[in-house]
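In: Based on what follows, work out the 3D shape:
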Amino acid sequence: MNVLVVGGSGFLSGHVVSVALAAGHGVTVITRGKRRAAEGVIAIVADRQDRAAFAGAVETSGQKWDIAIDCIGFTADDAQQDIDVIAPRCGHLVFVSTDFVFSPTNRPFPVDETFSRFETELPYGRQKREAELVILSAAGQLPVTVFRPCHIYGPGSLLGCLPKHGRDAKLIDRLKAGETLTLVGGGHFLQQPVFAPDLARMLLSCHGNAKSAGEIFQAAGPNVVESRRFYEIIAEHLGVKAAFDEERISDFLRDKPDGKPFCTHRVYSMLKAANAGLAMPSTPLVEGLKQHVASMVGPRV
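Out: Down below sits the predicted model:
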């Protein structure tokens, strides 16, 4: 099939491109041209913030796609751009949202797609929810699907799933040096990280799947672990031992009130996605982190 990836050179979008190419699909990306596109990929160079230029570049390309996946949409305006510019040229529109759309308080366990208390204050989650609603408003025009991934990890991103060491560029050096990691809540919040290539396969599996049309799906990995276990696995792959200290939740939120989405268990039901026949994330966390660590330091000898 012909695949359009809005983004294409970033972390998740890059994995979508790689997975699609490996499956033999034709791939087009829309990027700002800051990075060289992968070999075999058609690149449309445009900045989505320049709305007119973006629309013109897509129109000039003359292309149509079986599925279009927006990995970098953050606002209702971005979503409307997808509807106005991309939807007329694609058979199925997929929008990548986030689990940050949910209110972090009083969540059920696990959270499924019926949970309807949403973030109303913090801009990231609130704007993503607004974008979801715009995408779903087009369900009568063409097949549209929204995904809500939790913590995404894998080669191409920084390691770390929880403050103070979320996406920490120095995490490997800290662990090798025997530094004690300080984690909010002592790292006892539960996580369900999803491996980026698994998520890419899940997004692509919407094509030709009528059960995915007009729907929202959680997108989480197969393993639920305490956040501190995530760091322990990284340390084990490095051949060292992880040690932890606790940052009190109240202290963390006093200094970073926008960090509320991290101060909750992030555990999700994947039953709806499984029943819809989507490609389910299946890479065990230990294996996914092994590949992630190896991509940064090389395989352990």
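
In: okay, CA-based contacts and neighbour counts for the rest of this
Out: OK.

In: buried residues in stretch 28-47?
Out: When neighbours are counted by 16 or more other C-alpha atoms under 10 Å, the buried residues of stretch 28-47 are found to be 28-33, 37-38, 41, 43-47.

In: Give the residue spans of the stretch 151-300 of the chain that score low on pLDDT.
Out: Applying pLDDT under 70 to the stretch 151-300 of the chain flags residues 300.

In: mind listing the strands for it?
Out: Secondary structure of the stretch 151-300 of the chain (DSSP state E, counting those that start in this stretch): strands located at 152-153, 181-184, 190-191, 194-195, 215-219, 225-226, 244-247.

In: The spatially closest residue to residue 151 that is not a sequence neighbour: how many residues sit nearby?
Out: Ranked by C-alpha to C-alpha, 6 or more residues apart in numbering and with sequence neighbours excluded, the top spatial neighbour of residue 151 is residue 193, at 4.8 Å. Residue 193 has 28 neighbouring residues, counting by other C-alpha atoms under 10 Å.

In: Distance check, residue 193 against residue 168.
Out: From residue 193 over to residue 168 the distance is 16 Å, taken as C-alpha to C-alpha, to the nearest Å.

In: now swap in residue 180 and tell me
Out: 14 Å.

In: higher neighbour count, these two?
Out: Counted by other C-alpha under 10 Å, residue 180 and residue 168 do not tie: residue 168 has more neighbours, with 17 against 14.

In: Thought residue 159 was touching that one, still the case?
Out: Yes. Using C-alpha atoms under 8 Å, residue 168 is in contact with residue 159, at 6.0 Å.

In: So for the longest helix seen in the chain, what gets flagged as buried?
Out: Ranked by residue count under DSSP state H, the longest helix found in the chain is helix 123-137. Residues of helix 123-137 classed as buried by neighbour count (16+ other C-alpha under 10 Å): 124, 125, 126, 127, 128, 129, 130, 131, 132, 134, 135, 136.

In: Please provide the alpha-carbon coordinates for that helix, formatted as CSV.
Out: Extracted C-alpha coordinates of helix 123-137, given in CSV (Å, rounded to 0.1, in the frame of the first residue of the first chain):
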residue,chain,number,x,y,z
PRO,A,123,-2.0,22.3,27.6
TYR,A,124,-0.5,19.1,26.2
GLY,A,125,-3.2,16.7,27.3
ARG,A,126,-6.0,19.3,26.8
GLN,A,127,-5.0,20.2,23.3
LYS,A,128,-4.5,16.6,22.3
ARG,A,129,-8.0,15.8,23.4
GLU,A,130,-9.3,18.8,21.4
ALA,A,131,-7.5,17.3,18.4
GLU,A,132,-9.1,13.9,19.0
LEU,A,133,-12.5,15.4,18.8
VAL,A,134,-11.7,17.1,15.5
ILE,A,135,-10.5,13.9,14.0
LEU,A,136,-13.5,11.9,15.2
SER,A,137,-15.8,14.6,13.7
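
In: Output the contacting helices and strands for it.
Out: Where contact means 3 or more C-alpha pairs under 8 Å, 6 or more residues apart in numbering; DSSP states H and E, helix 123-137 is packed against helix 76-81, strand 144-149.

In: I'd like these as a markdown table, with mean neighbour count, distance to residue 60 and mean pLDDT appended.
Out: Converted to a markdown table, the helices and strands packed on helix 123-137 look like this (neighbours: other C-alpha atoms under 10 Å; distance: least, C-alpha to C-alpha, whole Å; pLDDT from 0 to 100):
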| stretch | mean neighbour count | distance to residue 60 | mean pLDDT |
| --- | --- | --- | --- |
| helix 76-81 | 20 | 16 | 98 |
| strand 144-149 | 24 | 24 | 98 |
